[in-house]
Structure formats: C-alpha cells, structure tokens
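**Student:** got a structure for you, letters missing:
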C-alpha cells in the first residue's frame, strides 16, 4: 500500500483549485479558525475535503509524496 501524506499544504491547494499559493495559505488559515485549531497545528486531507466539499478521492489524486 502506498502511504500518502496526512496533511495538506498551500501548494497542494494551488494544484487542486488552480488558484494562487497565497489563496491556499488564506484558505488553510480559514479552515484552522473554523475548526478552532492553533496556528501551529496542521490541516488533514480529510478536514480539507470536508470543508471544501471536494471529494476525498479527487483531493488524493493531487497529493504528492
């Protein structure tokens, strides 16, 4: 089984959405606020998928190791 990363980064959001990396940073910040996470905590692929409404299998296609 191929292991994929558990967390998502702004560059991943850029590839998924076609928007800028800066947009990805803002979106991650918005998700952290929504989920009441601390600034040092990561956002998982599952959390991003649930927040954005993009199916998990589509998100996983864009995640690189």
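**Tutor:** Everything's here; your move. Worth saying up front: this structure is predicted, and the values here are computed from it rather than measured.
**Student:** going forward, measure contacts and count neighbours with C-alpha atoms only.
**Tutor:** Noted.
**Student:** where do the strands sit along this structure?
**Tutor:** Counting by DSSP state E, the chain forms no strands at all.
**Student:** lowest-confidence helix or strand of it?
**Tutor:** Scoring the helices and strands of the chain by mean pLDDT, DSSP states H and E places helix 56-62 at the bottom, with a mean of 91.
**Student:** May I see the buried residues of it?
**Tutor:** For helix 56-62, the neighbour count (16 or more other C-alpha atoms under 10 Å) marks 59-60 as buried.
**Student:** outside of it, which residues touch it?
**Tutor:** Residues outside helix 56-62 that contact it (C-alpha atoms under 8 Å, 6 or more residues apart in numbering) are 12, 15-16, 45-46, 49.
**Student:** And stretch 7-20, by the same measure?
**Tutor:** Stretch 7-20 is contacted from outside by 21-25, 28, 42-45, 48, 59, 62-63, using C-alpha under 8 Å, 6+ apart.
**Student:** what about it, how long is it end to end?
**Tutor:** Length of stretch 7-20, first residue to last, C-alpha to C-alpha, to the nearest Å: 19 Å.
**Student:** and the longest helix for this protein?
**Tutor:** Longest helix in the chain, counting residues (DSSP state H): helix 21-34.
**Student:** in that helix, what's buried?
**Tutor:** Buried-residue list, helix 21-34, by 16+ other C-alpha under 10 Å: 21, 23-25, 27-29, 31-32.
**Student:** now those residues as CSV including distance to residue 6?
**Tutor:** Formatted as CSV, the buried residues of helix 21-34 follow (distance: C-alpha to C-alpha, whole Å):
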residue, distance to residue 6
21, 19
23, 20
24, 17
25, 17
27, 17
28, 14
29, 17
31, 16
32, 16
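**Student:** Make a markdown table out of these and add distance to residue 38 and pLDDT.
**Tutor:** Listed next are those as a markdown table, based on distance: C-alpha to C-alpha, whole Å; pLDDT from 0 to 100:
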| residue | distance to residue 38 | pLDDT |
| --- | --- | --- |
| 21 | 21 | 95 |
| 23 | 19 | 97 |
| 24 | 17 | 96 |
| 25 | 15 | 97 |
| 27 | 15 | 97 |
| 28 | 12 | 96 |
| 29 | 10 | 96 |
| 31 | 11 | 97 |
| 32 | 7 | 97 |
